[in-house]
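1. The following comprises the amino acid sequence and a computationally predicted model.
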Amino acid sequence: MTRSTIGLVLLLIAALDLAACSSEPPASPKPAEKALASVGGREGSLGTVYVTNELGGDLSVVDVATEKVIATIPLGKRPRGLRASADGALLYVALTGSPFAPPGVDESTLPPPDKLADGIGVVDVKARKLLKVIPGGSDPEQVEVSADGTRLFVANEDVALASVLDVKSDKVVATVKVGRDPEGVNIRPDGTEVYVTSETDNAVYVIDALKPRLLKKILVGPRPRSTTFLPDSSRAYVPAEEGALIVVLDTKTRAEITRIPLAGEMQRPMGGVMSPDGKFLYMTTGRGKTVVIIDTATNQVIGSVEVGERPWGIAISRDGSRLFTANGPGGDLSIVDTATRRVTARIKVGDRPWGVVFLP
């Protein structure tokens, strides 16, 4: 064989090898690549959770499908309670310049409040930015939206008032005297009454939501924190943190029906949410680290889920399949599967998460 013939043979062999390589199937994706592919396109498919971070001064935006923080929105000093507008386009956040005071602190040792920081932050959900801060009275702690979306109701903690804001004018149009250290402010599902809890007076103040005025003061247990209603507005559930119990009220007679004691060490009921069908009440227990589950047909505790360090704020998905809790000292958000009653994820958010809102 001549040298030229050998050269041609070698070239032919190289060409055949190249063709064989090009026809080989692509390598299987690595596990990490598979995980990314499975998440791709799902962002927003299961809804979004918004978490106020009291000491961080910001709002964490958490995508439920990917279980990740997808944005952080600066707000101002000590954001706590928050609510969504009726159309879900805006979030209203209670901001306060009053100094942070953990349980048991001597308030006389605290610095003076920064009143210029008090207000209600208005957040554009789509743009993910703070639009403005509107007046909300002194030291706002929690905020509620009227059924028609035209007014806000604010608990003003340091002056024992509930303020009523007109959304169109961004002005306080009325105030109602309530008990000392008002905290929870929750509107009945039928939109007719607002319940404001007074931590120090151990009472709930019922306010006419249409013509703001005090209708009734109802004594409950020690340090009531919030109110959760049945979907038909017939009953209200008020947690008494220092009594380790939940007081059940008839909203028509405004009288107590029964009390639900919570067994176990350090059970401190704080924030509640109702299942969409009204069958179950879910209540955070603060230092108890759990969410307790109450059957509303029997008003009995039927279970609990350990979620994290001192859970306070709580929300539920539109279909009732998931719970979301803000765990303050832990700095995270827990997601709970309501069918299995198990925590499926704990997501790091900001510094001292406090309030939670879910939007589909």
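-> Arrived safely.
2. got a list of what Y92 touches?
-> Y92 sits next to L82, R83, A84, S85, I120, G121, V122, V123, V143, V145, L152 when contact means C-beta atoms under 8 Å, 6 or more residues apart in numbering. Bear in mind the C-beta positions are built from the backbone N, C-alpha and C, glycine included.
3. pLDDT value on the third one, please?
-> Here, the pLDDT recorded for A84 equals 98.
4. circling back to that earlier point, may I see the contacts of Y92 arranged in JSON lines, with secondary structure as well?
-> Output for those, formatted as JSON lines (DSSP: H, G, I helix; E, B strand; the rest coil):
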{"residue": "L82", "secondary structure": "strand"}
{"residue": "R83", "secondary structure": "strand"}
{"residue": "A84", "secondary structure": "strand"}
{"residue": "S85", "secondary structure": "coil"}
{"residue": "I120", "secondary structure": "strand"}
{"residue": "G121", "secondary structure": "strand"}
{"residue": "V122", "secondary structure": "strand"}
{"residue": "V123", "secondary structure": "strand"}
{"residue": "V143", "secondary structure": "strand"}
{"residue": "V145", "secondary structure": "strand"}
{"residue": "L152", "secondary structure": "strand"}
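5. Give me the phi and psi for G243.
-> The phi and psi values for G243, taken as degrees, to the nearest 10, are phi -100, psi -10.
6. how close does it sit to M283?
-> Noted for G243: a distance of 13 Å to M283, by C-beta to C-beta, to the nearest Å.
7. Please apply the same query to S233.
-> In terms of C-beta to C-beta, S233 sits 19 Å off from M283.
8. Please say which of those two ends up with more neighbours.
-> Set S233 next to M283 and count neighbours by other C-beta atoms under 10 Å: M283 wins out with 28 against 16.
9. Tell me what the more buried one is bridged to.
-> Counting by DSSP bridges, M283 is bridged to G272, V292.
10. Then V301?
-> Here V301, judged by DSSP bridges, has bridge partners I294.
11. A345 too?
-> According to DSSP bridges, beta-bridge pairing links A345 with I335.
12. Spit out the contact partners of it.
-> E67, S334, I335.
13. ok, which stretches of the stretch 101-250 of the chain are helices?
-> Taking DSSP state H, counting those that start in this stretch, the stretch 101-250 of the chain contains no helices at all.
14. What ranges in it fall below the confidence cut-off?
-> Scanning the stretch 101-250 of the chain for pLDDT under 70 picks out the ranges 103.
15. what about E157, how many neighbours?
-> 22.
16. ok, it touching D139?
-> Yes: E157 is in contact with D139 according to C-beta atoms under 8 Å; the separation is 4.6 Å.
17. How far off centre is stretch 311-318?
-> Taking C-alpha atoms, centre = their mean, to the nearest Å, one finds stretch 311-318 lying 5 Å from the centre of the chain it belongs to.
18. Quick one: mean pLDDT for that stretch?
-> The average pLDDT within stretch 311-318 is 98.
19. thinking again about what came up before, filter the contacts of A345 down to the buried ones, ChimeraX style.
-> Entered in ChimeraX, the line below selects the buried ones among the contacts of A345, by 16 or more other C-beta atoms under 10 Å:
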select :334,335
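20. Take the contacts of A345 and write them to CSV, including distance to V356 and pLDDT.
-> Supplementary listing: these in CSV, determined by distance: C-beta to C-beta, whole Å; pLDDT from 0 to 100:
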residue, distance to V356, pLDDT
E67, 15, 97
S334, 10, 98
I335, 11, 98
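21. nearest to I207, of the contacts of A345?
-> Ranking those by separation from I207, with C-beta to C-beta as the measure, puts S334 on top at 32.5 Å.
22. how about the nearest residue to that closest one, chain neighbours excluded?
-> Closest residue in space to S334, ignoring its immediate chain neighbours: V307 at 4.1 Å, by C-beta to C-beta, 6 or more residues apart in numbering.
23. What helix or strand is Q267 located in?
-> According to DSSP states H and E, Q267 maps onto no helix or strand at all.
24. for the one 10 residues further on, same thing?
-> Under DSSP H and E, no helix or strand contains D277.
25. Distance-wise, check it relative to T66.
-> 28 Å.
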